[in-house]
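Student: I would like the atomic coordinates for the input below:
(one chain, ligands or ions: 1)
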Amino acid sequence: MTVISDLATTTRGGLEIALQPFSSSDVDRVYELCQDPEIQWWTTVPTPYTFHDAEGFVGDYVLPAWNEVAEGTYSSLREGPELVWSVHINGESSLAGLWGSIGYKRLGDGELEIGWWLGAGARGHGIMRAAVATLIVLAFNPVFPLQARRVWWHAMVGNLPSAWIAQRTGFAYQGIEEHHGAGRCWSAMICPDDPIEPRDDWPELPL
Ligand SMILES: CC(C)(COP(=O)(O)OP(=O)(O)OC[C@H]1O[C@@H](n2cnc3c(N)ncnc32)[C@H](O)[C@@H]1OP(=O)(O)O)[C@@H](O)C(=O)NCCC(=O)NCCS
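Tutor: Have a look, this model is predicted:
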């Protein structure tokens, strides 16, 4: 696979976290993980989530953007298919395996929107926070094709676990907006020169 996927690894609490393209063998696990009510409530995955949905996600939805990366035609300057990584824990720990998904939607003009979910059994370990930090570095690294000039985070009002990650990875809170048919969403963004570390200027989030 490409350099961009090889470099998307990080560690957290002794766990090695590998961000990599989904493979066809991930369908069963994606189906299993996406039965989680929190994932169905807070993200745009279909409800109910069927095995056919998992097959379509792994076998169809995630492929076009990776093909663009492989062909060298990916660009964040124009809108296009979402670039999605799976979140794996490597090694022999009890958490080893596929646990989540994290991806960038392209809004055009160098603007990306990040989104993520993690299976319930792996939450509370800082795994997703570490994954988000890794992908922000990648988004702003001029050597890689993402070459973003801004990354947006949106979450439905009330999704505090997602907001904690955004706050702790350096996103600047912007307010509440109506977003993509998801209703009222908290909004935050991060730019290339912003430190990827917790910000202390977030307000108490309005509901
Ligand atoms: C959102 C989601 C990925 C969070 O998973 P998680 O395992 O709790 O996330 P992490 O442990 O990686 O990060 C949470 C961070 O918030 C911090 N945190 C936890 N409780 C906190 C609190 N009460 N106040 C402030 N920060 C808190 C944690 O310490 C951690 O930061 P750290 O890594 O600096 O310690 C998970 O709940 C999920 O997948 N939910 C369903 C799907 C979803 O909501 N997706 C996002 C849609 S926008």
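
Student: Looking only at residue counts, what's the top strand in this structure?
Tutor: If you go by DSSP state E, the chain has its longest strand at strand 97-108.

Student: Leaving out sequence neighbours, find the closest residue to the spatially most central residue of the chain.
Tutor: Residue closest to the average C-alpha location in the chain (C-alpha atoms, centre = their mean): residue 102, at 2.4 Å. Nearest residue to residue 102 in three dimensions, chain neighbours excluded: residue 116, at 4.2 Å (C-beta to C-beta, 6 or more residues apart in numbering). For glycine as for every other residue, the C-beta is placed from the backbone atoms N, C-alpha and C.

Student: how near is that neighbour to the ligand?
Tutor: Relative to the ligand, residue 116 is positioned 5 Å away (C-beta to the nearest ligand atom, to the nearest Å).

Student: and if you look at residue 12?
Tutor: Using C-beta to the nearest ligand atom, we find residue 12 at a distance of 7 Å from the ligand.

Student: neighbours around that residue, how many?
Tutor: Number of residues near residue 12 (other C-beta atoms under 10 Å) recorded here: 17.

Student: what secondary structure does the residue nearest to it when sequence neighbours are not counted sit in?
Tutor: Nearest residue to residue 12 in three dimensions, chain neighbours excluded: residue 130, at 3.9 Å (C-beta to C-beta, 6+ apart). Classification of residue 130 into helix, strand or coil gives helix, according to DSSP: H, G, I helix; E, B strand; the rest coil.

Student: I'd like the distance between residue 18 and the ligand.
Tutor: Taken as C-beta to the nearest ligand atom, the span from residue 18 to the ligand is 15 Å.

Student: Need the phi and psi values for that residue.
Tutor: Phi and psi for residue 18, reported as degrees, to the nearest 10, are phi -110, psi 120.

Student: What about the residue lying closest to it once chain neighbours are set aside, how many residues nearby?
Tutor: The shortest distance from residue 18 to any non-neighbouring residue, by C-beta to C-beta, 6+ apart, is to residue 88 (4.4 Å). A total of 21 residues lie near residue 88 under the criterion other C-beta under 10 Å.
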